[in-house]
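Novice: Have a look at this prediction, sequence included:
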Amino acid sequence: MPIESGRIARAHDLYTRAVFQGEAEGLTTADGLLDAVEADLSLERGRVLHAKFLGDREAGGDPRELVHFEHAATLYRALGDERGEGEARFWIGTYHQVVTGDVALAFPFFEHALELATKTGDTLTMSYAKRHIAFAAQEAGNLAEAREQLEESTRLRRELGFGAGVAANLLALAFIARDDARTGDARALLDEATAEANAAGADGVKAWIEASRAEF
């Protein structure tokens, strides 16, 4: 049976050594390798379910999404993988905030995710955590905090060259400007968001922007 390269192949090699060469001490390492694969798989399965939710917005979403994210976080924590744990905890928070609308439950997960991402240099997860912390602040009516968090998220995304994410953030900043009665700024941000989406080839984000223009 062919085994692909990477951690599964390494685990398979350790299994072979244990069975045929008596090197059983490698099996603990094999367990860790497979736990890491399982954690990555769980995280991605959760994200796929979240994307499906964003596509149809079915009330309550799919509860398996949360199960996958929580399982990934547990595995990453056991492995001592703080970067992976931070990413998984961000997604747990996102499930609570976006799917079930429970911002109070979501917020500690965003804070923990930001802490771990900052510690491990995971700039992308930092940008996501700050974006969703901004949404919580906006919902609470704290527009200054929301704007600060989103602007920092946008700066991080520009550094990463994540144009689609920049466009999405500019759209969110436009809504904050609208809520803050800065109508001119809001429209300028929408135009900038469109330009960023076009440059990134982010047709999905561009559709969000165009659908939002009637609200400004």
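Specialist: Arrived safely.
Novice: check contacts around the closest residue to residue 185 other than its chain neighbours.
Specialist: Nearest non-adjacent residue to residue 185, counting by C-beta to C-beta, 6 or more residues apart in numbering: residue 177, 4.2 Å away. Just so you know, the C-beta spots here come from the backbone N, C-alpha and C atoms, and that holds for glycine as well. Residues near residue 177 by C-beta atoms under 8 Å, 6 or more residues apart in numbering: 183, 185, 186, 189.
Novice: Work out for me the element the second one sits within.
Specialist: For residue 185, the enclosing helix or strand under DSSP states H and E is helix 183-200.
Novice: which strands and helices sit next to that helix?
Specialist: Here helix 183-200 touches helix 163-179, helix 203-212, going by 3 or more C-beta pairs under 8 Å, 6 or more residues apart in numbering; DSSP states H and E.
Novice: CA atoms of that helix as CSV?
Specialist: In CSV, the C-alpha atoms belonging to helix 183-200 read as follows (Å, rounded to 0.1, in the frame of the first residue of the first chain):
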residue,chain,number,x,y,z
THR,A,183,-20.3,59.0,5.3
GLY,A,184,-17.5,60.3,3.1
ASP,A,185,-15.0,58.0,4.7
ALA,A,186,-17.3,55.1,4.4
ARG,A,187,-17.7,55.5,0.7
ALA,A,188,-14.0,56.0,0.2
LEU,A,189,-13.3,52.8,2.1
LEU,A,190,-15.8,50.9,-0.1
ASP,A,191,-14.0,52.1,-3.2
GLU,A,192,-10.7,51.1,-1.8
ALA,A,193,-12.1,47.7,-0.8
THR,A,194,-13.3,47.2,-4.4
ALA,A,195,-9.8,48.0,-5.7
GLU,A,196,-8.2,45.6,-3.3
ALA,A,197,-10.6,42.9,-4.2
ASN,A,198,-10.1,43.4,-7.9
ALA,A,199,-6.3,43.3,-7.5
ALA,A,200,-6.5,40.1,-5.4
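Novice: quick one: average confidence on that helix?
Specialist: Averaging pLDDT along helix 183-200 gives 96.
Novice: Fine by me, we can end here.
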